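**Student:** would you be able to build a 3D model of this:
(chains A and B)
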Number of protein chains: 2
Amino acid sequence: MAAPEHGAQLLLGAGDDAAVLQPGDYPLAVTTDALVEGVHFRSSWLDAEELGRRAVEVNLSDLAAMAARPRFLLDAVGVPAHTPAAWLDALLDGCADAGEAAGAALIGGNLTRGDVASITVTALGEIPGRRLERRGARAGDHLLVTGTLGDAAAAVAAWTRGAPPDAEQRRRWARPRARIAAGLALAEAGAHAAIDLSDGLLADLGHLCEASGVGAEIERARLPRTPGVDRLDAAGADFAAAGGEDYEILAAAPPSMTSDLSALALRAGVDLTVIGRCTDRPGDIRLVDAGGRPLPLREGFDHFRPAGREG
Amino acid sequence: MAAPEHGAQLLLGAGDDAAVLQPGDYPLAVTTDALVEGVHFRSSWLDAEELGRRAVEVNLSDLAAMAARPRFLLDAVGVPAHTPAAWLDALLDGCADAGEAAGAALIGGNLTRGDVASITVTALGEIPGRRLERRGARAGDHLLVTGTLGDAAAAVAAWTRGAPPDAEQRRRWARPRARIAAGLALAEAGAHAAIDLSDGLLADLGHLCEASGVGAEIERARLPRTPGVDRLDAAGADFAAAGGEDYEILAAAPPSMTSDLSALALRAGVDLTVIGRCTDRPGDIRLVDAGGRPLPLREGFDHFRPAGREG
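**Tutor:** Modelled structure (predicted):
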């Protein structure tokens, strides 16, 4: 991806005390997120290259939800002593490849020993137009999500009970793709607010509603699911509602914006589904059936879930 | 510290998917560095507030060596389950306080569980004038360092053999202060190259010489030492030459620049000492006595030293 006009330019890459870039006209979004072995993943769940990719994508997903275009990455990697050089090379290749595919260059990093493998990525992106935040949703807004929900949580649930996950569910967990084009398209089309789905739909919807001072009502049957998650029946519905690690975008949008969802999806590069609406009852998050009757809210599947301080 | 004219402005701080800043006219230096318990420190060596400060200062030191003014920080923190909230608060206070004292705002972060405590800081700074890099040193340049060398290594050596370190040596290790004003003053005065001293003088001198394609000759007796390190005789000289974690700046400068060292030191806010010169023998790093006779190069004190990949 070519640098945008008036975009930031790299003046000095990795290898000195710091990387140096000449910013362009656009605001810069900056985020950092870590993956720690035994907390966010087990080494048997994915290979080194996938780990590098995943660490980058979960950060790019934060940029996507702000309507930012990824530009630069730094990685701080910790590995146990005697880690094979090939493993480390694959990890860094995964980082660099995922970044490059999204238009972001790996401009610096740090390598240290650690008891377990860990990778902390810092991602910088440029916001070429409107910025999306968690705040801004209004009562009456439609709530829409990109893609499908629940596959990643279904994979983790399988691993946790000692079973091999469905191949598609494993792929969704191990190789998420940040919804960069979708974030940009949603911002351009006039979405009011957005958040990326890492903690689970209901939890992240709670964050968005809290920041916006609204409530929400979500219709369970509308949650977009793959056939594999659908076949899991009630468990699949729970994975979609609360499972986490989907790395899709949840957005609040004026109803006028969702009247031609297929045209918007074309620009977003991914299916979009209206799953509910914002209400004027701050703090009140409801999951309802097709008749509008409240369904019990299950706890999130918080095994292997980080404590949530993000920024 | 007020934002510089035409400096970057914070548009959105911590609490959303990413922080957002509006860059100013200046190039941005970006660096990331981690401190991991059992690798870079033991919990008995420093308290939580000092750990937070130290994690920030070692990153600010990288910015200082580029002649950048610190502006923004992000921290990714890992702590074991059941870490007291007060400990975590003190850590984050230490981060924020160290940043604030240097003019840098904590604009985001991430908190996760981990087997041991770890903190990865990303620091962004603005380069208001000339930029310093590792490359650029020329044969005939004087080599100068800020402050004094060897205290931090002496403290670690004491801990490693089970003895309490000297109070001043412990302080130098636990509470380093990045030489920000010195980096800016050295750049403005016309220094050719610089690096911050984290791996040890001889190792970091090697990095600077390699990047610059020069050699170097350092006179051991000239290495600036506190009285406490001086009293350690040969061991003290070794700590100063190879001990590491000093977080001073090593710079290569044209001889004309060092003719009035006290005036330069006044602007730098710290003593400056000429310790040797660059030679036209690439790769040849010599430690010599007052008569110019080569002294044996000791290995660095690489216990508790990270594998060195920086950027």
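
**Student:** any idea what whichever residue of the stretch 51-200 of chain A sits closest to chain B is bridged to?
**Tutor:** For the stretch 51-200 of chain A and chain B, the shortest gap (Cβ to the nearest Cβ) falls at A:Gly108, measuring 3.1 Å. Using the backbone N, CA and C atoms, a C-beta is placed for each residue, glycine as well. Counting by DSSP bridges, A:Gly108 is bridged to A:Leu74.

**Student:** show the pLDDT at it.
**Tutor:** Per-residue confidence at A:Gly108 stands at 94 (pLDDT).

**Student:** okay, now it: neighbour count?
**Tutor:** When neighbours are counted by other Cβ atoms under 10 Å in any protein chain shown, A:Gly108 registers 30.

**Student:** now do stretch A:41-60: distance to the chain's middle.
**Tutor:** Relative to its chain's centre, stretch A:41-60 lies at 13 Å (Cα atoms, centre = their mean, to the nearest Å).

**Student:** swap in stretch A:247-261?
**Tutor:** 17 Å.

**Student:** and if you look at stretch A:20-29?
**Tutor:** Per Cα atoms, centre = their mean, the displacement of stretch A:20-29 from the mean C-alpha position of its chain is 23 Å.

**Student:** how about the CA coordinates for that stretch, as CSV?
**Tutor:** Provided in CSV are the C-alpha atoms of stretch A:20-29 (Å, rounded to 0.1, in the frame of the first residue of the first chain):
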residue,chain,number,x,y,z
VAL,A,20,12.1,8.4,13.5
LEU,A,21,9.2,9.4,11.3
GLN,A,22,8.1,12.7,9.8
PRO,A,23,4.4,13.0,10.4
GLY,A,24,2.1,14.1,7.7
ASP,A,25,-1.2,16.0,8.0
TYR,A,26,-3.2,13.3,9.6
PRO,A,27,-3.9,12.6,13.2
LEU,A,28,-1.9,9.5,14.5
ALA,A,29,-3.7,6.8,16.4
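
**Student:** contacts for that stretch, please.
**Tutor:** With Cβ atoms under 8 Å, 6 or more residues apart in numbering or on different chains as the test, stretch A:20-29 has contacts from A:3-4, A:6-12, A:62-63, A:66, A:68, A:72, A:107, A:124-128, A:131, B:8, B:11, B:18-24, B:27-30, B:66, B:127, B:131.

**Student:** quick one: contacts for A:Ala155?
**Tutor:** A:165-166, A:169-170, A:172-174.

**Student:** which residues touch the residue nearest to A:Leu60 when sequence neighbours are not counted?
**Tutor:** Closest residue in space to A:Leu60, ignoring its immediate chain neighbours: A:Ala178 at 3.6 Å, by Cβ to Cβ, 6 or more residues apart in numbering or on different chains. Counting by Cβ under 8 Å, 6+ apart, A:Ala178 makes contact with A:57-58, A:60-61, A:63-64, A:70, A:102, A:196, A:247.

**Student:** what are the buried residues along stretch A:92-111?
**Tutor:** A:92, A:94-96, A:98-99, A:101-111 (16 or more other Cβ atoms under 10 Å in any protein chain shown).

**Student:** mind checking pLDDT for the residue of chain A positioned farthest from its centre?
**Tutor:** The C-alpha centroid of chain A is most remote from A:His82, which lies 32.2 Å away (Cα atoms, centre = their mean). Confidence at A:His82, expressed as pLDDT, is 92.

**Student:** does A:Gly236 touch A:Pro224 like I think?
**Tutor:** No. A:Gly236 is beyond contact range of A:Pro224, at 11.6 Å (criterion: Cβ atoms under 8 Å).

**Student:** now A:Leu51. Its backbone dihedrals?
**Tutor:** Dihedral pair for A:Leu51: phi -60, psi -40, per degrees, to the nearest 10.

**Student:** how many neighbours does it have?
**Tutor:** Neighbourhood size, A:Leu51 [other Cβ under 10 Å]: 26.

**Student:** for the closest residue to A:Ala139 other than its chain neighbours, give its distance to chain B.
**Tutor:** Leaving aside its sequence neighbours, A:Ala139 sits nearest to A:Asp280 (Cβ to Cβ, 6+ apart; 3.8 Å). Taking Cβ to the nearest Cβ, to the nearest Å as the measure, A:Asp280 falls 23 Å from chain B.

**Student:** now A:Glu219
**Tutor:** Distance, A:Glu219 to chain B, by Cβ to the nearest Cβ: 25 Å.

**Student:** that residue against A:Gly291, yeah?
**Tutor:** No. Using Cβ under 8 Å, A:Glu219 is not in contact with A:Gly291; the gap is 9.7 Å.

**Student:** out of these two, which sits in the busier spot?
**Tutor:** The neighbour count for A:Glu219 versus A:Gly291, taken as other Cβ under 10 Å, is higher for A:Glu219 (19 against 6).

**Student:** next up, the contacts around that one.
**Tutor:** A:275-276, A:288-290.

**Student:** and if you look at A:Gly283?
**Tutor:** A:Gly283 touches A:209-210, A:215, counting by Cβ under 8 Å, 6+ apart.

**Student:** out of the residues you listed, the closest to chain B would be?
**Tutor:** A:Glu210 (10.3 Å).

**Student:** can you get me a residue count around A:Asp233?
**Tutor:** A:Asp233: 9 neighbours (other Cβ under 10 Å).

**Student:** before we move on, what about the one 5 residues further on?
**Tutor:** If you count neighbours by other Cβ under 10 Å, A:Asp238 ends up with 23.

**Student:** now find how far off-centre the strand or helix carrying it is within its chain.
**Tutor:** A:Asp238 belongs to helix A:233-242 when assigned by DSSP states H and E. Relative to its chain's centre, helix A:233-242 lies at 18 Å (Cα atoms, centre = their mean).

**Student:** ok, back up a step: now the contacts of A:Ala178 in a markdown table, with pLDDT, distance to B:Met257 and secondary structure?
**Tutor:** Formatted as a markdown table, the contacts of A:Ala178 follow (pLDDT from 0 to 100; distance: Cβ to Cβ, whole Å; DSSP: H, G, I helix; E, B strand; the rest coil):
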| residue | pLDDT | distance to B:Met257 | secondary structure |
| --- | --- | --- | --- |
| A:Glu57 | 98 | 47 | helix |
| A:Val58 | 98 | 47 | helix |
| A:Leu60 | 98 | 44 | helix |
| A:Ser61 | 98 | 48 | helix |
| A:Leu63 | 98 | 43 | helix |
| A:Ala64 | 98 | 48 | helix |
| A:Pro70 | 98 | 41 | strand |
| A:Ala102 | 98 | 44 | coil |
| A:Asp196 | 97 | 50 | strand |
| A:Tyr247 | 98 | 52 | coil |
